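Let me see the structure of the following:
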Amino acid sequence: MGAIKCLPLSRLFMHRSHKRIPPRCVKLAFEQAAQGSDCLTPANLASFLRSVQGNLSANESKAVEMLAQFSANSGDEQLYSLDLEKFLDFLLDPILNSAFQVSAKPTQDMMGPLAHYYIYTSHNTYLTGNQLTSKSSVVPIVEALQAGCRVIELDCWERKGEIMVLHGNTLTKPVRFEDCLKAIKENAFTVSEYPVIVTIENHLGLDLQEKAARVIKEILGDVLFLPAPEERPPKQFASPEELKGKIIISDTPPEDPVVEQVADDPKAIMDVIPHLPGWQDGLEDSESPPLSPDNLAYNAKKKMAMHVNKLVNAVVAQKETYQNGCQQTKTEELNKLLYIFCQKPSQMKETPLNGEFVPGERAIMANISESELKQFIKKNPGSIIQYTRNNLGRMYPFGLRFDSSNADPFLAWTHGFQLAAVNMQGQDRNCWVTQALFDANGRCGYVKKPDVLLPRGDIEFEQIGTITPNFFLKVKILMGTDWHRSFDYLKKPDFYVKLVLHGMPFDHAKKRTEVIYSSLEPNWEHQSFEFPVRVPDISVLRLEVWEYDRANRDDFVGQACFPVMEIKSGIRVVALRSRKGILSGERILCHFEVGSGN
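The predicted model follows:
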């Protein structure tokens, strides 16, 4: 006789709860559309789609088509009407009623120069894990391109006479340069037809640089963009539309060594490793539990922090004598392939003075770390915006992010920088919101910068906060359902939702629902949240569901992030994802009001 398996009481409760209770908002919408009947006909459903969901083109034939798809999705026989229970199921169908759906093609003008667009950018794209010991592979390169990423970074080093890609001065395992190029060519345009930029951090000797140039031309062939001599670098970058179907080569100067980054800004490590002295243990920010409560990860970071503390003390003490490595000279053959010339501020002909970036006659790309960008922003944010109206700017993560965590991309984007390089394997909040921003515009990897950051913008950065908001997002979390696991053994779970608007500093806002105790289908429709937005083009809404725990750290349930401008109005379902971005099957039903005016 087999052993008896005991289920937690909460799991028993879950099995008993088989019939959903519609929120009051859903009941009211059903009653108004049904006009006194106990079922919605196709004509009634079309009326609901127009009046509540904002689908002005919906007609009876469209409603019949949606009912057929809903029947197929739910495994039912063909439905020709919906009662209240089926209507709620219809609203919870993420295929038919999602709060956001990627458009089939770009919705923005793609004829501006590259400098007018945010570009989906990966950092050390080849790494499968952390920045110190993980393996280099073509797999994360393929995954990045399939996710819509348009900038791939390859760090090239010599190993036994061959060109290899790896994170230098670490224990990361290398991958062949040729294999990386082949993977890029095969996958560059499977998701988006707009240009891919390959940034090469060059640590090669002159002979291997010539070989690298040959290999690039041989493997990439006719998809390689070869700029004319007078366009190296150009006075103004070409547009994404003009460069469609092409792979562009850019150089990236070697990132400042970790010790120099730390020496320049010792306080920056407090943002990177939260277990250093001075960090408030317990919360990732003022309202959220940490995303990684695992004790092993906690202890590993704590041990790493001890070593970093020693490193910081040593570097700060020796800062005066620290010398950076010399820059690598480029061969003419490699130079001929470059369209985007990348420089550190210290290398620029018009060297920034007093934190002020000075545009030159030619368009190039500035390359700086997150901590260095913070320093420039403190001194002169307006000059950065002015500089990036014709030039590109790339921000890369602080060197102590050994765990492949990420900088806040909005630090770069809100000040005009187009490239916020992301460790895509990090799968943290900053990775989520980056993916969300680039889900916009048909997920083509390019998103137009807001007008206030473009050349026609006639307002100073500090004045953006004085603009009267003319865009409003109103959100009600109606209910949550279909939790994939039990959270407490002795009772039903206690859920709450956190809502965060990312965007311009003046628009950034955090809100959260109250905790609904002991409920498998919590309902928050009595709470309404409003976000006034000055610059909606760059705004992202992040939703996180948590299960409250009095004794231990709260349990992360799921998350979803959307570009604000493409959220659909009406009663919509939000499908939640795991930390790694995988759909979990859990859902929350929301009511969104999106648009201009109050």
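
Skipping its backbone neighbours, what lies nearest D537 in space?
Nearest residue to D537 in three dimensions, chain neighbours excluded: P450, at 4.0 Å (Cβ to Cβ, 6 or more residues apart in numbering). Every C-beta, even on glycine, is put in place using the N, C-alpha and C of the backbone.

What is the burial count for the one you found?
21 (other Cβ atoms under 10 Å).

now swap in the one 4 residues further on and tell me
Using other Cβ under 10 Å, L454 has 16 neighbouring residues.

Now do the same contact list for it.
L454 makes contacts with 112, 116, 389, as judged by Cβ atoms under 8 Å, 6 or more residues apart in numbering.

likewise E193?
244-245, 444 are the contacts of E193 under Cβ under 8 Å, 6+ apart.

so E530, which of the three states?
strand (DSSP: H, G, I helix; E, B strand; the rest coil).

can you pull up the bridge partners for the residue nearest to it when sequence neighbours are not counted?
Once flanking residues are discounted, E530 sits nearest to K474: 5.0 Å by Cβ to Cβ, 6+ apart. K474 forms beta bridges with E530, E593, as assigned by DSSP bridges.

Confirm for me that K474 is in contact with F592.
Yes. Between K474 and F592 a contact is recorded at 7.1 Å, counting by Cβ atoms under 8 Å.

Tell me which residues touch T190, please.
Taking Cβ under 8 Å, 6+ apart as the test, what T190 contacts is 145-146.

Check whether it sits in a helix, strand or coil.
coil.

Look up how far T329 lies from it.
36 Å (Cβ to Cβ, to the nearest Å).

Also I141?
27 Å.

out of these two, which sits in the busier spot?
Each of I141 and T329 has its neighbours counted (other Cβ under 10 Å); I141 has more, 29 against 10.

Check whether the more buried one really touches C149, as I assumed.
No. Contact criterion Cβ under 8 Å: I141 and C149 do not qualify, at 9.0 Å.

Overlap of the contact sets of these two?
With Cβ under 8 Å, 6+ apart as the test, I141 and C149 both reach T125.

With G480 as the reference, measure out to T513.
For T513 relative to G480 (Cβ to Cβ), the value is 10 Å.

between these two, which one's more packed in?
Of the pair T513 and G480, G480 is the one with more neighbours under other Cβ under 10 Å, namely 28 against 20.

ok, back up a step: which one of the contacts of E193 is nearest G54?
C444 (24.5 Å; Cβ to Cβ).

which residues touch that closest one?
105-106, 110, 148, 192-194, 240.

Do you know the pLDDT at E320?
We have a pLDDT of 40 for E320.

Need the residue closest to the centroid of the protein.
T434 (1.5 Å; Cα atoms, centre = their mean).

Name the member of the contacts of L454 with the most neighbours.
Across the contacts of L454, neighbour numbers were computed from other Cβ under 10 Å; H116 holds the maximum, 23 neighbours.

before we move on, back to that, any chance of the contacts of E193 in CSV, plus distance to D179, secondary structure and pLDDT?
Listed next are the contacts of E193 as CSV, based on distance: Cβ to Cβ, whole Å; DSSP: H, G, I helix; E, B strand; the rest coil; pLDDT from 0 to 100:
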residue, distance to D179, secondary structure, pLDDT
K244, 26, coil, 98
G245, 22, coil, 98
C444, 26, coil, 98
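
The spatially closest residue to R362 that is not a sequence neighbour in helix, strand or coil?
Leaving aside its chain neighbours, R362 sits nearest to P233 (4.5 Å; criterion: Cβ to Cβ, 6+ apart). Recorded secondary structure, P233: coil (three-state DSSP).

what number of residues lie near P233?
21.

Does it touch F341 like I think?
Yes. P233 is within contact range of F341, at 4.4 Å (criterion: Cβ under 8 Å).

between those two, what contacts are shared?
Common contact partners of P233 and F341 (Cβ under 8 Å, 6+ apart): 362, 364.

Quick one: end-to-end distance for stretch 481-499.
Terminal residues of stretch 481-499 are spaced 18 Å apart (Cα to Cα, to the nearest Å).

Same question for stretch 53-65.
17 Å.

when you give positions from now on, start the count at 855
Okay, using 855 as the starting number, the last item reads as stretch 907-919.

Show the average pLDDT along that stretch.
The model assigns stretch 907-919 a mean pLDDT of 95.

what are the ranges of the helices in the stretch 955-1104 of the chain?
Per DSSP state H, counting those that start in this stretch, the stretch 955-1104 of the chain carries helices over the ranges 993-1000, 1031-1041, 1060-1074.

Which positions in the longest one come out as buried?
When you say that, I think you mean helix 1060-1074. 1062-1063, 1065-1067, 1070, 1073-1074 (16 or more other Cβ atoms under 10 Å).

What's the separation between the residue nearest to the centre of the chain and Y1371?
Taken as Cβ to Cβ, the span from T1288 to Y1371 is 35 Å.

Tell me the buried residues within the contacts of C1298.
Burial of the contacts of C1298 was assessed by neighbour count (16+ other Cβ under 10 Å); the buried members are 960, 964, 1002, 1046-1048, 1094.

just curious, which of those residues is nearest to K873?
Scanning those for proximity to K873, where the rule is Cβ to Cβ, the winner is G1002, at 39.7 Å.

residues in contact with that closest one?
Taking Cβ under 8 Å, 6+ apart, one finds 974, 1045-1046, 1289, 1292-1293, 1297-1299 in contact with G1002.

and which of these is nearest to P1347?
Nearest to P1347 among those, with distances taken as Cβ to Cβ, is Q1289, at 27.5 Å.

So the closest one, which state does it fall into?
Following three-state DSSP, Q1289 is assigned to helix.

quick one: T961 and D1293 touch, right?
No. With contact defined as Cβ under 8 Å, T961 does not count as touching D1293 (11.9 Å).

All set, thanks.
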